[in-house]
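In: Got a predicted model here, sequence first, then my questions.
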Amino acid sequence: PNIDIPEDQLYEFEMAVKPIPQLDPENPKMISQGPSICVFNKRDPGEVVASWLFAQFLLTNDVQIEYSTTEGYVPVTTRAQQSDEYLDYLSRRGEELTLLGGTLDLHAGQVVDRTGVALGLPFPAGPHLEQLAVKGQAKALLPVNMADGDLYCHFSGAESQVQRWIRAGAMPKEDIAREVYDLLARTVSRLVCAGAAKTGIRQVLIAGGVASSPLFRELVRARIAKRDRQLHVCFGKPEYSGDNAVGTALIGAQKLREMEQQQE
């Protein structure tokens, strides 16, 4: 995304995809991400030097900071991490956030908890409702209710229908729970895809209490993969996905920076 070279100065070059060199070829390993660079000891020493110089270029502050601020990676050099420019970028977190959409009534967590409580489950109901859901089957009986080009959604109508099912007592608890998770996954998938289409973003982080559910993650990943295979969906660790976890962490980081600045 950071192509700042004039079009008349661009040139084509050959490119190939090869496995990462391994210390033990019989037991290959690779970190679960892509930004790895290898410099091969080729016959032409000029190519080796050129490759090394290119790697050094990628390690410069300008490149490290630009890549980090647009792609979300942390700079790989301490010099870039501690630079005034990068620290200023971190201090301005939240200033560039733009609300693209969301729910117009109930939140996903409210749907889960209200359903669980009505089914007689402990509160908070998420883990308990999920245990039921993994044993049930969904037929997409709860229609997705979207608005504004799929950037906003409604959950209140679906939650009312769930309450009617529970009062009627005609549907197994497991199937009701599965229908709820199926609805949430279909709705969030459409929200995410609509947001990606509007912004051009190809990597999305989903967080929140419901997002800590393994079943929800599985359903969302599967649905988004069907709609947009190029869209990379990320989930934080479950312990970091709970309600207010990210917000609390940001407040803590802000307080820490303020204390450090006062000590300088």
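Out: All right, it came through fine. Predicted model only: the values in this text are computed from it and were never measured. Residues are numbered from 1 along each chain as shown.

In: Help me confirm that L231 comes into contact with V192.
Out: Yes. Assessed by C-beta atoms under 8 Å, L231 is found in contact with V192 at 7.3 Å. For glycine as for every other residue, the C-beta is placed from the backbone atoms N, C-alpha and C.

In: If you count surrounding residues, which of those two has more?
Out: Residue environment comparison for L231 versus V192 gives the larger neighbour count to V192, 22 against 18, counting by other C-beta atoms under 10 Å.

In: Now do the contacts for that one.
Out: The contact partners of V192, taken as C-beta atoms under 8 Å, 6 or more residues apart in numbering, are 204, 206, 220, 224, 231, 233.

In: Pull up the overlap in contacts between L231 and V192.
Out: Here L231 and V192 share the contacting residues 204, 224, scored by C-beta under 8 Å, 6+ apart.

In: Ranking by neighbours, what's the top pick from the contacts of V192?
Out: The most neighbours, when the contacts of V192 are compared by other C-beta under 10 Å, belong to V220, which has 25 neighbours.

In: which ones are touching that one?
Out: Contacts for V220 were tallied using C-beta under 8 Å, 6+ apart; they are 185, 188-189, 192, 206, 233.

In: Can you say which helix or strand has it in it?
Out: helix 214-227 (DSSP states H and E).

In: need the next SSE after that helix, C-terminal direction.
Out: Going C-terminal from helix 214-227, and assigning secondary structure by DSSP H and E, you next hit strand 232-235.

In: Packing partners of the helix or strand just after that next one?
Out: Under the assignment DSSP H and E, the closest C-terminal helix or strand after strand 232-235 is helix 238-241. Applying 3 or more C-beta pairs under 8 Å, 6 or more residues apart in numbering; DSSP states H and E, we find helix 238-241 packed against helix 245-263.
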